Structures are given as C-alpha cells and as structure tokens.
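Chemist: next input, structure requested:
(4 chains)
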Number of protein chains: 2
Amino acid sequence: MAGTDQLSAVFSALADPTRRAILDQLAERDATVTELSAPLPMSMPAVSRHLKVLEHAALISRTRSGKWRTSHLETAPLRDAADWIDRFRRFWDSSLDRLDAHLAAVQAAVRTDTKEH
Amino acid sequence: MAGTDQLSAVFSALADPTRRAILDQLAERDATVTELSAPLPMSMPAVSRHLKVLEHAALISRTRSGKWRTSHLETAPLRDAADWIDRFRRFWDSSLDRLDAHLAAVQAAVRTDTKEH
DNA sequence: CATACGTTTAACGCGTTCGTTAAGTGAGGG
DNA sequence: CCCTCACTTAACGAACGCGTTAAACGTATG
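Modeler: Okay, here's the model as predicted:
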C-alpha cells in the first residue's frame, strides 16, 4: 500500500461502480454515510469502507459534526486524472489544430487559478 | 469477472502504473511485446498479462504479423473515461464564466467530429 | 447514567490481481 | 526437419479487494 502512487489510487478508486455512484451523489450535495448508503445495495460497513478508499485517494474529505460524518467531494484528483487522460486527447480530437493550443491555454489558466491558495 | 462493466474495466486498467507506461509508449507508435517489455522492470509473461488486461478493456487492439504481435492504442475507452470525469469539470473550472461555454462548444465540436463514422 | 443512534473497526471468506519460473505454441530460418 | 525466436499459458504464492456479520466507539437524548 505504501508504494502506491496518487494517480493509481485515484483510478483504482474510480474503478468501482459503487464509488462512482457515491461521487455522483456527492456532486449534488454533501451527504452523511446513512444518506449515501440509502440507495446502495449493500451494508453500511461496506459503504464506510468505500468512503475510506475515496478519502485515501483524496477524492473526498470528511468532517464530523456531532454524531454525523459528512462527506464532501474533492475534485483535485479528478483534475489530475483528467489531465493524464488528456495527453491522449489528440488521438480522438480530430479538430486538433484549432483546439489544441486553446485547450493548453485553458489548462494553464485553470492551473494558475486553482493554485492560488 | 462477468459482471464488470466497461468503464470499471477501463479505470481498473488505468490504475496500474505499468499499464499506463505501456499506453504512453503506444501513444508514440505501435509496438511488439518485446519492445514494450524492454523498459519495464518485469518478466515478459508479466507484460503479456498486462497487455491482456488492456486488450480486455479495449484500450489496445492486437494483430499478429508473422511471429510478432503488435499492439495498437485504441482511444475510445479513454474518451469514455474522460467523458465520465468531465461531468465534474464544472467543480474545478473556476474560470467557468469565460471558459465553460467555450469548452462546451469544443466538446460538442469534438463529439460531432468523432461521431461521423 | 443508560440507552439509542450514526458510524467505524474487527474478523472472516472468497475471488482476483500481480509477480515469479517453467512449459507450451506457432511461425521462420539454417 | 529441427531449432530458435516471439510470445502465451500454466502453476504457484503472496497480497489485495469487496462483501458479510458482530462488536466497539463516540456523541446525543430520555
């Protein structure tokens, strides 16, 4: 577990449909474990472990408020994953000529935007 | 193994650094198993199995030419993965106002481009 | 303070993954 | 023909992933 890089952890986390469903749900609003468990066809401990995996991949953060633990979507790892895949975009982006430079500029802009904190 | 959906297979395949390295190499040119094995710190059977995983995820296709088997990058699954992640793009695209419409247009353009086949 | 609630941790089982080495296949070359 | 080259398959072992149920934990609430 020690030698696993961040990107691998992210893709590995995304490989499970249950975890993708959880991220979809968190995209709408923050939620407690019970709320996240409700639509899922498995026990709460199972969901709890999925959340642990997502947290380890930094795809979510969690805060305890009283007796509830609310999960919050963190998008930085998703951006990393998208960035990795984007290196192949030229293969299916046939209109590359007019878009490539622009996408690069976009990425750069976003990068500088998100990094000021 | 039977119930695994396509997107899960793709993310699962991408979760391994070795397989990502193979895809990187294939992005430059098609290659034989020996060529792909050369830079990798493992035996050829191990690489062969990684290729099998990538083929199963439809990330590569393979053809046998005489005694060589050349692997070729297939980008459709990468596009699917990128599309899935893109649903979260609005969360980190902070400069959304000036870029969102543009990216949407870009995506639409790409979509129509790639779909004419 | 005892009890319930929300959640996590522990223990277990099972199937899969990832590496190894050794043996098998199949197309060319001497 | 036989041997070699390129690659795959088989067999094995250690580690991991994903689910279960049962027990523990921590924070309200009666």
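Chemist: can you get me a residue count around A:A15?
Modeler: 19 (other Cβ atoms under 10 Å in any protein chain shown). In this view, the C-beta of every residue, glycine as well, is placed from N, C-alpha and C.
Chemist: again but with A:I60, I slipped
Modeler: Based on other Cβ under 10 Å, the number of other residues close to A:I60 is 25.
Chemist: for it, give me its contacts.
Modeler: Residues near A:I60 by Cβ atoms under 8 Å, 6 or more residues apart in numbering or on different chains: A:L23, A:L26, A:L51, A:L54, A:S71, A:H72, A:L73, A:E74.
Chemist: and the fifth one, what's its pLDDT?
Modeler: The predicted local distance difference test score for A:S71 is 97.
Chemist: so it, which of the three states?
Modeler: Secondary structure assignment for A:S71 (DSSP: H, G, I helix; E, B strand; the rest coil): strand.
Chemist: stretch A:18-26 close to DNA strand C?
Modeler: No: Stretch A:18-26 does not reach DNA strand C (Cβ under 7 Å from any atom of the strand); its nearest approach is 11.6 Å.
Chemist: pLDDT on that stretch, on average?
Modeler: Mean per-residue pLDDT for stretch A:18-26: 98.
Chemist: now do the buried residues in that stretch.
Modeler: A:R19, A:R20, A:I22, A:L23, A:Q25, A:L26 (16 or more other Cβ atoms under 10 Å in any protein chain shown).
Chemist: just the buried residues from the contacts of A:I60, in PyMOL please.
Modeler: What follows is the PyMOL syntax for the buried subset of those, where burial is set by 16+ other Cβ under 10 Å:
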select buried, chain A and resi 23+26+51+54+71+73+74
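Chemist: which of the contacts of A:I60 come close to chain B?
Modeler: A:L23, A:L73 (Cβ under 8 Å from any Cβ of the partner chain).
Chemist: between the contacts of A:I60, which is nearest B:T4?
Modeler: The shortest approach to B:T4 among these belongs to A:L23, at 18.3 Å (Cβ to Cβ).
Chemist: the closest one against A:L54, yeah?
Modeler: Yes: using Cβ atoms under 8 Å, A:L23 makes contact with A:L54 at a distance of 7.3 Å.
Chemist: any idea how far the residue in chain A positioned nearest to DNA strand D is from A:T32?
Modeler: The nearest approach of chain A to DNA strand D comes at A:G66, 2.9 Å away (Cβ to the nearest atom of the strand). A:G66 sits 10 Å away from A:T32, going by Cβ to Cβ, to the nearest Å.
Chemist: which one of these two is surrounded by more residues?
Modeler: Taking other Cβ under 10 Å, A:G66 and A:T32 do not tie; A:T32 has more neighbours (15 against 5).
Chemist: leaving out chain neighbours, which residue sits closest to that one?
Modeler: Among residues not flanking A:T32 along the chain, A:W68 sits closest, at 4.7 Å (Cβ to Cβ, 6 or more residues apart in numbering or on different chains).
Chemist: so what pairs up with that neighbour in the strands?
Modeler: A:S65 (DSSP bridges).
Chemist: isn't it right up against A:E35?
Modeler: No: if you go by Cβ under 8 Å, A:W68 and A:E35 don't touch, sitting 9.3 Å apart.
Chemist: and those two? which has more neighbours close in?
Modeler: The residue with more neighbours, out of A:W68 and A:E35, is A:E35; 15 against 12, by other Cβ under 10 Å.
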